[in-house]
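Participant: here is my input; please provide its structure:
(4 chains)
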Protein chains: 2
Amino acid sequence: MAKKSTTRANSESTDDYLKAILTIGGPQEDRVTGNALAEHLQVRPASITGMLQKLSGQETPLVEYEKHRGARLTPAGKRRALEVIRHHRLIELFLHDILDYPWDEVHAEAERLEHFISERMEERIAAKLGDPLIDPHGHGIPRKDGSLPERREVCLSELAAGNTGVVTSVSDRRPDVLRELKNLGIVPRAHLTVTERRAGSRPMRVRIGPASQDIPLTVRLSSAIYVSQ
Amino acid sequence: MAKKSTTRANSESTDDYLKAILTIGGPQEDRVTGNALAEHLQVRPASITGMLQKLSGQETPLVEYEKHRGARLTPAGKRRALEVIRHHRLIELFLHDILDYPWDEVHAEAERLEHFISERMEERIAAKLGDPLIDPHGHGIPRKDGSLPERREVCLSELAAGNTGVVTSVSDRRPDVLRELKNLGIVPRAHLTVTERRAGSRPMRVRIGPASQDIPLTVRLSSAIYVSQ
DNA sequence: AATGCAATTTAGGCACACCTAAATTCTGGG
DNA sequence: CCCAGAATTTAGGTGTGCCTAAATTGCATT
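Facilitator: Predicted coordinates for the structure are as follows:
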């Protein structure tokens, strides 16, 4: 006999799907295509279909889904997604600040642990860190009530020459990128000026803080950096 | 196609089986019966058989197993079991000392997390705690090399009246027991004297430290306490 | 309206770790 | 030595989440 009545869902996979939908859909909560999900989750499109059917066909559906029309989070789904992201970012900060983890390693560890920590641990970590609102890469940590600290930021790769800004956050998915950024001094709160910019995928050049020399930034790097002006 | 060649095994379940075999078999490494495992793991005996077959039939077997003759860890299995126990106890101490977890809650959390922390995290936690050798309940923390700090302890329920000892460890499996023990002042390093002892399952009586009054201890409690003389 | 390609869904399978029910094997007492 | 009852194993099944291969659907163009 099954443990619960209908097809319940609370697994790691479920969490990952919800996070992905929130991330890809962005704050405007656009509908997300199966393809984009498959790409993001590194899973075959066929698997996406099955999972979306499951997540949308539960007692309390976590996603809204109609054949061929993509998926979107329900309020319950969004709540869970934000909770997992809260876990993730609290853990990242915790690993970095309390356990002295290197900057580029916190993401992978948090990615695993986010699914398994209890409410109590979330609470204890948050308390230890003083209810922080920003993680080591500059991303907002959702509050317990699900609200996300607002940030006004632009991707550096969209900034024209001459502009100056403060780094607000950097993408944390690739450790190698993070290491490079750190070496260049590009971390949240660093000041930065775009000194040169050409069309296409040519490297742009930027000056970091009061440093006298400017440095080239590949697209790979510049698209991982967000700044506010 | 399968991810790995043969039926690999590294799951939570595997860890739990290995820990159980080590725990039940004791330091003498006795062969462990399927029944005992089923009891300990709260799983049907039939499930035990399947898992033991799997664990013993791998490229590098983790258990040694012959039909109807019980199971025993191979060196590789023992190594893994001790690693998981190391994780568990480091996490318990960490939760207690760094995150101010209550005594009776660390076990459950550690039981989940022990499977998911990386080598790096183990290393960082150990460093933060100063490479400790004892967890909050008084159990030895296996060293990185798998060696287990030796302890010479007797179960309190086996102590005759008149004996005096120092509490070395307490069983951590039932939170309610832990809470009672704490209330009574029975924690590792507490001094304790058996003041009265009768046959059977009658409560024994003990005096804690320099306290003038002695208190009754149910078998449930006394069998959860270990002392050295 | 037709067609051709991309996106998506269905169908059928697999590994894992568990379950129940039905053998089987082992063991101790007579 | 036999036999009952206990322990263990086999057989067959479940749910989860993934896979491949083979439909199907939708859409942009012509």
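Participant: what's around A:Ile91, how many residues?
Facilitator: Counted by other Cβ atoms under 10 Å in any protein chain shown, the residues lying close to A:Ile91 total 24. The way it works is simple: take the backbone N, C-alpha and C, and place the C-beta from them, glycine included.
Participant: grab the nearest non-local neighbour of it.
Facilitator: Take A:Ile91 and drop its neighbours on the chain: the residue closest to it by Cβ to Cβ, 6 or more residues apart in numbering or on different chains is A:Ala110, 4.1 Å away.
Participant: select the longest helix from chain A.
Facilitator: The single longest helix within chain A, with elements called by DSSP state H, is helix A:75-97.
Participant: name the residues of that one that are buried.
Facilitator: A:77-96 (16 or more other Cβ atoms under 10 Å in any protein chain shown).
Participant: for the helix or strand just after it, packing partners?
Facilitator: Using DSSP states H and E, the helix or strand that follows helix A:75-97 in sequence is helix A:106-113. Judged by 3 or more Cβ pairs under 8 Å, 6 or more residues apart in numbering or on different chains; DSSP states H and E, helix A:106-113 is in contact with helix A:75-97, helix A:175-184.
Participant: how does chain A divide into domains?
Facilitator: Domain segmentation of chain A under automatic domain parsing yields A:12-73, A:88-146, A:154-228.
Participant: out of these, nearest to DNA strand C?
Facilitator: Ranking the domains of chain A by proximity to DNA strand C (Cβ to the nearest atom of the strand) places domain A:12-73 first, at 2.9 Å.
Participant: can the closest one be found next to chain B?
Facilitator: No - against chain B, domain A:12-73 shows no contacts by Cβ under 8 Å from any Cβ of the partner chain, the least distance being 10.2 Å.
Participant: show the end-to-end separation of that domain, please.
Facilitator: Criterion Cα to Cα, to the nearest Å; first-to-last residue distance in domain A:12-73 is 17 Å.
Participant: which residues are in contact with the residue nearest to A:Ile91?
Facilitator: Counting by Cβ atoms under 8 Å, 6 or more residues apart in numbering or on different chains, A:Ala110 touches A:87-89, A:91-92, A:95.
Participant: then A:Gly165?
Facilitator: A:154, A:156, A:159, A:191-193, A:227-229.
Participant: before we move on, the earlier item: the longest helix of chain A and DNA strand D, are they touching?
Facilitator: No - judged by Cβ under 7 Å from any atom of the strand, helix A:75-97 stays clear of DNA strand D, getting no closer than 12.9 Å.
Participant: and that helix, what other elements does it pack with?
Facilitator: In this structure, helix A:75-97 makes packing contacts with helix A:12-25, helix A:106-113, helix A:119-129, judged by 3+ Cβ pairs under 8 Å, 6+ apart.
Participant: okay, the angle between that helix and helix A:12-25?
Facilitator: 90 degrees (axes from the mean of the first three to the mean of the last three Cα atoms, to 10 degrees).
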